[in-house]
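Asks: just to be clear, the model below is a prediction. Sequence and coordinates:
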There are 2 protein chains.
Amino acid sequence: MIIMKLRVRCLGLDAGGKTIAIINSENSRELGVRSLERIVLKSGSKKLTVVVNVSDDFVMEGDIVVYNEVKDLLKLRNGDFVHVAARPDLESKMYIGKKISGQELSEKEINVIINDVLSHNLNDLELASFVTALHINGLSMNEDYYFAKAFIGSSSERIRFPGVVVDKHSCGGVCGDKTTMILVPIIAAAGLTIPKTSSRAITAPAGTADRVEAVAPVIHDVKRIHDIVKKTNGCMVWGGSLDLAPADDLLIQIEKPLEIDPLIIPSVLAKKKTVGSRYVVIDIPTGPDAKIKTKEDAERIANRFISVGKKVGMHVECVVTKADQPIGFAIGPALEAKEALHALMNPNNAPKDLVDKATSLAGVLLRMVGKGDKRTAEKILFSGKAEKKFREIVKAQGGNYNIKPGDLDKKIIVINVKSKKSGYVSYINNKILIRLAKLAGAPKDKYAGILLKSKLGHKARKGEVVYEIHVENPAKIGMVKKHLKQGDGILITGKAMKMVIEEIDHIRKK
Amino acid sequence: MIIMKLRVRCLGLDAGGKTIAIINSENSRELGVRSLERIVLKSGSKKLTVVVNVSDDFVMEGDIVVYNEVKDLLKLRNGDFVHVAARPDLESKMYIGKKISGQELSEKEINVIINDVLSHNLNDLELASFVTALHINGLSMNEDYYFAKAFIGSSSERIRFPGVVVDKHSCGGVCGDKTTMILVPIIAAAGLTIPKTSSRAITAPAGTADRVEAVAPVIHDVKRIHDIVKKTNGCMVWGGSLDLAPADDLLIQIEKPLEIDPLIIPSVLAKKKTVGSRYVVIDIPTGPDAKIKTKEDAERIANRFISVGKKVGMHVECVVTKADQPIGFAIGPALEAKEALHALMNPNNAPKDLVDKATSLAGVLLRMVGKGDKRTAEKILFSGKAEKKFREIVKAQGGNYNIKPGDLDKKIIVINVKSKKSGYVSYINNKILIRLAKLAGAPKDKYAGILLKSKLGHKARKGEVVYEIHVENPAKIGMVKKHLKQGDGILITGKAMKMVIEEIDHIRKK
């Protein structure tokens, strides 16, 4: 292997957390590396694998420009010398090749790959190739298990909560899903511990963390989360900065832009395991527009979740739920938070699907730990206990205990979308609603979004408002209206069309 | 879609030909893009898709730092404003998804993808995912053809040579293969036109362009190549800068580091077609250590080359050749050039395998155009006509007509590798030889490499030198010797072991 001594130049460049260095094209040829490949820098006893950029004239031969991250990690100064070599042949590349060729990976091979992921030894091309191979060739039950174990092992800190720790996860794919905001207080009020971490929206108009943030801060460190949960039995916080399964997080950065998630099962289970969950209910929204399209697919995934969960020591149950239209009527952070708060305060006047979904999932958890069932969950919700618990959690997270739905209103611009004819709402194109809500400003503009006035089966008159689009920033009206012309996403037909071929909600898999 | 007006800052950063811009993380969140995704910049009527980097503090909110390439293409100055938007949804992403899911792509879909490759709209993750999917799911005959057509269509300039244009390509995978340096002069001396372009070594100790460069310059522009071929009927130049199939070149940049080449057939055929080749012979080195391992694989690829070649209007024949040991005795640019020159001057004393391979492949080409066969090729070589033609080509490319093998010697350090016991050379580990030759300095150190003293079947005495390692730079001796201790790659057995299970050279497929 060729090792080269290069002189360091620090230019104050920031790589957004990545470790990058730039060398001259002559040196890169000599090292045998191309742009975006990896090189290993050595300074004293410190060693770091970094992404290499190559330049013909920005960097002179013999020099190496390091970004701030590299400078800090290796404690370099201008004029220092570092030893530079191409990244050595990686064993993990061989195993990635093995997976590409359709073979099953052993536990040892998966561990070698995960170690190289954590050390940033594998570059983006290799990682993209790997997750694509995982997606195409699929994972065996054992592979799911070994990945889950490796993800759990990659966690630097485990959080231990008191009591019986339970959790809920949704595989996603249905918009307006504020179930978590109802479920967490029900479960916490029932005396179970539910340290719920959630994500922000990336391609959706709102993630659970965005919704909760409309009523309380969601960014807390591990110690604070521990305090909140100790005080209230639950929390609803952003999980993004907790480093619960860093190897998984690094792979997710590759999977997300490719819109594939072959590691969903180990990924979800590892994150639940590292916070000490013993009972987990998984919501699998299923429908023709959703990520999981058929009941058969949902059942296959459900069985896998249950089996792999068992192997890592968790009791998992899955619920297949409908994903043919938004849950409730509201889409967008504040609109959804308001709908959830309203449902907690007045469950009798709340959207039936939202209440049904939240109490069904909560019921599964209660039954799993022998503390009741859906009826128990309903009682907790309808008695006002869930509302009280919600307020306690909001307060513990730094929000206002006495928050009212009206506090979540703001002066906004409303665009009314009207039915072009009379008839029945037979199909709701969720993708169009999502796009319009995002164009309206959600989730960045907290009060922007969509408020449905009709759902599937509703008999609409011509000219009736079928939904409102809420816009905070007037500059966004033009784009919304332009896209609206291409279609509003609501199909009105003469007869009440039955879009759902088979009712597949609440089928539990053993 | 969100469009943002950002103020340009030019910092004189060079991205090595890539188009990159850096924006603040707040702006990236608002645009909905992550680091390394694409954004579209608009300035006046000019539009450019660039890679986005995201920074928390290096770039202020509202600013955009552009690399020199972007600055030049959009003619930007410090303080200018550009309109920035996320790359719109790409149709091609849908088709990549289609291929990932195992479906066949139509001609139109392949063209859409290739257009986005050429416009740099697809990012590295997407391209890596795509070529991995092509590799795993394979290409249909039609897909090979559509890719070949699209690659040919992406070429901005076609070169037209006089006479009957023929060409040769090797799928690679065998080291020390200097066949081209013998074949090109034979074919050119026979009156055919052979404008041979070659690549440099990337993972090997020498590519044909590196070998030829030991005797003549290989970097020439299209006009000069045209002149060389007009004068001599042939050339042996570097193809890297000719832009013969730019879409293919962009995909190769992704495939090479991943060590897969799913597009080899369209890639090779497009490059031959764009220089006007009508008859092409493809060498498919096959052996347990080579890229193509079995005769069945070789035949499958051969049939594909022939059929797709026919569809794009070329007569293609394939020759399956042995790849169980180096061709000839020399490995490394100058050592190989010397061996080739020697073989042209004294074919009777040349390595039999080298002469046989070169005249066999040349014979196929001659037979294809009705100008003879292997015997004809041998006559041209043994009569000295090939040597004369070689010298003409060397001179036309700017080298010395009277070059002698001794001119290719240089004072070097020789490490003798000796047989540890008496017996027969039964197995040569090509990978170990390649690694040692590279550690010795090849191809960067032109005179470095390996000179075999024995090949398969040779009866070696204990202590006899089985090969020499030539080192130019004394600093490299330590590393060579260190690796040598792990194995010299030569297996000596008591009996003459027959490693080749079946003779599969020179089987032509119709």
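Replies: In hand now; what should we look at?
Asks: A:Asn68 contacts A:Gly12, correct?
Replies: Yes: in this structure A:Asn68 lies within contact range of A:Gly12 using C-beta atoms under 8 Å: 6.6 Å. Yep, even glycine has a C-beta here, placed from its N, CA and C like the rest.
Asks: neighbour count winner among these two?
Replies: Taking neighbours as other C-beta atoms under 10 Å in any protein chain shown, A:Asn68 and A:Gly12 compare with A:Asn68 leading, 18 against 9.
Asks: quick check: closest non-adjacent residue to that one.
Replies: What sits nearest to A:Asn68 in space, not counting adjacent residues and going by C-beta to C-beta, 6 or more residues apart in numbering or on different chains, is A:Asp14, at 5.1 Å.
Asks: mind listing what's buried in stretch A:304-321?
Replies: A:304-306, A:308-309, A:312, A:314, A:316-321 (16 or more other C-beta atoms under 10 Å in any protein chain shown).
Asks: next, A:Val65: phi, psi?
Replies: Backbone geometry at A:Val65, expressed as degrees, to the nearest 10, gives phi -90, psi 120.
Asks: just checking: what are the partner strands of the longest strand anywhere in chain A?
Replies: Ranked by number of residues, the top strand in chain A under DSSP state E is strand A:46-55. Taking DSSP bridges as the criterion, strand A:46-55 forms sheet pairs with strand A:20-24 (parallel), strand A:38-43 (antiparallel).
Asks: where does chain A have low pLDDT?
Replies: Residues of chain A meeting the criterion pLDDT under 70: A:1, A:16-17, A:157, A:202, A:496-510.
Asks: swap the cut-off to 50 and go again
Replies: For chain A, applying pLDDT under 50 flags the ranges A:499-510.
Asks: show me the contacts for the residue most central in space within it.
Replies: Nearest to the mean C-alpha position of chain A, counting by C-alpha atoms, centre = their mean, stands A:Ser199 at 4.5 Å. By C-beta atoms under 8 Å, 6 or more residues apart in numbering or on different chains, the contact list for A:Ser199 reads A:Gly207, A:Thr208, A:Ala209, A:Trp238, A:Gly239, A:Gly240.
Asks: can you do 7 Å?
Replies: By C-beta atoms under 7 Å, 6 or more residues apart in numbering or on different chains, the contact set of A:Ser199 is A:Gly207, A:Ala209, A:Gly239, A:Gly240.
Asks: show me which of these is closest to B:Asp353.
Replies: Nearest to B:Asp353 among those: A:Gly240, at 61.0 Å, using C-beta to C-beta.
Asks: so that closest one lies in a helix, does it not?
Replies: No: assigned with DSSP: H, G, I helix; E, B strand; the rest coil, A:Gly240 falls outside any helix and is coil.
Asks: and stretch A:406-415, how far out from the chain middle?
Replies: Its chain's C-alpha centre and that of stretch A:406-415 lie 27 Å apart, by C-alpha atoms, centre = their mean, to the nearest Å.
Asks: cool, stretch A:423-439 as well?
Replies: Mean-position distance between stretch A:423-439 and its chain equals 22 Å (C-alpha atoms, centre = their mean).
Asks: buried ones in it, by neighbour count?
Replies: Along stretch A:423-439, these residues count as buried under the neighbour rule (16+ other C-beta under 10 Å): A:423-428, A:430, A:432-439.
Asks: and A:Gly97, how many neighbours?
Replies: Residues near A:Gly97, counting by other C-beta under 10 Å: 16.
Asks: can you check A:Asp14 too?
Replies: When neighbours are counted by other C-beta under 10 Å, A:Asp14 registers 18.
Asks: again, but for A:Gly207
Replies: A total of 22 residues lie near A:Gly207 under the criterion other C-beta under 10 Å.
Asks: assign A:Phe161 to one of the three secondary structure states.
Replies: Under three-state DSSP, the three-state class of A:Phe161 is coil.
Asks: hang on, it packs against A:Val229?
Replies: Yes: assessed by C-beta atoms under 7 Å, A:Phe161 is found in contact with A:Val229 at 5.3 Å.
Asks: overlap in contacts, the two.
Replies: When contacts are counted by C-beta under 7 Å, 6+ apart, A:Phe161 and A:Val229 are jointly contacted by A:Thr193, A:Pro195.
Asks: neighbour-wise, which of those two wins?
Replies: Comparing A:Phe161 with A:Val229 by other C-beta under 10 Å, the one with more neighbours is A:Val229, at 25 against 19.
Asks: do I have it right that the more buried one meets A:Pro162?
Replies: No: if you go by C-beta under 7 Å, A:Val229 and A:Pro162 don't touch, sitting 8.0 Å apart.
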